[in-house]
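>>> following is a predicted model, sequence given first.
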Amino acid sequence: MPLSRINAQSLADGTIVAAEIADGAITTAKLADNCVTTAKITDNNITDAKINAMSSSKLSGALPAISGASLTGIDVLSSGMVLNTVSTYHDTSTNLSTGFVTRFTGTITPSASNSKILILTQFCVDILGDSSCTAKVVRHVSGSSATDLPIGNHFAGAGNFGNANQHGLSYGIHYLDSPNTTNEIDYDFQILEAGNSANVLLSHSGHSSMLLMEIKGWVI
């Protein structure tokens, strides 16, 4: 009577050779945990499709060349770098009035909402006789109502408290603004004559200007 079943105890070690085992005959359920060691995996046997993720701690040594387009989560430009600059000039001799009037405007559109805008304003005035002037910068976002920038009490104190004339006096208003927008921003330079009569000239002996610089903000 032929045998239909052989116990494992009836087989001597080494009796069943690999050639006697059909391909796919051993299922994963028959493999013990951790039974396949790295020594049993030949080089180049694990393809990219088998790798789901890799932690940065597994990377060491010299890395191969890679296109920057393939990298994610990397801030290429450092915070504090200048992203954009805009300048405007005023070179027309203008007799100031006793109320704030916009004399020139700088316009910039930030590329990111966390960008800072560095405002560098220089203006030249001639003060004739006993007079003085006060200046400020105001912000408009997308044509909205004006917002005075918090630069202390604006600019005040350019004065001549006597009869002699003073020519070519240069002053500045510098401020780092945080507009928190990517909409177009207008920065208006406004100035008034604060003395007894309209005896202050803007941009008469030299031009006035505004430089706007978009500064890259911090990435958190």
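That came in fine, so what should we check first?
>>> need the three-state assignment for residue 124.
Secondary structure assignment for residue 124 (DSSP: H, G, I helix; E, B strand; the rest coil): strand.
>>> that one contacts residue 209, doesn't it?
No: look at residue 124 against residue 209 with C-beta atoms under 8 Å: they stay out of range, at 9.2 Å. Heads up, the C-betas are built off the backbone N, CA and C, glycines and all.
>>> just say helix, strand or coil for the nearest residue to residue 99 once chain neighbours are set aside.
Of all residues beyond its chain neighbours, the one nearest residue 99 is residue 192 (5.6 Å), with distances taken as C-beta to C-beta, 6 or more residues apart in numbering. Reduced to three states with three-state DSSP, the structure at residue 192 is strand.
>>> and residue 192, how many neighbours does it have?
With neighbours defined by other C-beta atoms under 10 Å, the count for residue 192 comes to 18.
>>> ok, it - contacts?
96, 97, 98, 99, 100, 101, 133, 134, 135 (C-beta atoms under 8 Å, 6 or more residues apart in numbering).
>>> select only the buried ones of these in PyMOL?
Buried members of those, defined by 16 or more other C-beta atoms under 10 Å, are picked up in PyMOL with:
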select buried, resi 96+100+133+134+135
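>>> could I get the contacts of residue 192 as a markdown table with distance to residue 32?
As requested, these are arranged in a markdown table below (distance: C-beta to C-beta, whole Å):
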| residue | distance to residue 32 |
| --- | --- |
| 96 | 91 |
| 97 | 93 |
| 98 | 94 |
| 99 | 90 |
| 100 | 85 |
| 101 | 87 |
| 133 | 89 |
| 134 | 86 |
| 135 | 83 |
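>>> looking at the contacts of residue 192, which is nearest residue 44?
Of all the contacts of residue 192, residue 135 has the smallest distance to residue 44: 71.7 Å, by C-beta to C-beta.
>>> roughly how far apart are the closest one and residue 123?
As defined by C-beta to C-beta, to the nearest Å, residue 135 lies at a distance of 6 Å from residue 123.
>>> now do residue 58
Between residue 58 and residue 123 the distance, using C-beta to C-beta, works out to 59 Å.
>>> which of these two has more residues huddled nearby?
Comparing residue 58 with residue 123 by neighbour count (other C-beta under 10 Å), the higher total belongs to residue 123, at 25 against 7.
>>> so that one bridges to which residues?
Counting by DSSP bridges, residue 123 is bridged to residue 171.
>>> my guess is it contacts residue 208. True?
Yes: distance between residue 123 and residue 208: 3.9 Å, which falls inside the contact criterion (C-beta under 8 Å).
>>> intersection of neighbour lists for those two?
With contacts defined as C-beta under 8 Å, 6+ apart, the residues shared by residue 123 and residue 208 are 90, 189, 202.
>>> okay, those in TSV with pLDDT and distance to residue 65 next?
Written out in TSV, the entries for the shared contacts of residue 123 and residue 208 read as follows (pLDDT from 0 to 100; distance: C-beta to C-beta, whole Å):
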residue	pLDDT	distance to residue 65
90	97	51
189	95	50
202	95	57
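>>> among those, the buried ones, what's the ChimeraX command?
Here is the ChimeraX command that selects only those of the shared contacts of residue 123 and residue 208 that count as buried (16+ other C-beta under 10 Å):
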select :90,189,202
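>>> coming back round to it: list residues touching both of residue 135 and residue 123?
171, 173, 189, 191.
>>> could you identify which of the residues you listed has the most neighbours?
When neighbours are taken as other C-beta under 10 Å, the top entry among the shared contacts of residue 135 and residue 123 is residue 191 (27 neighbours).
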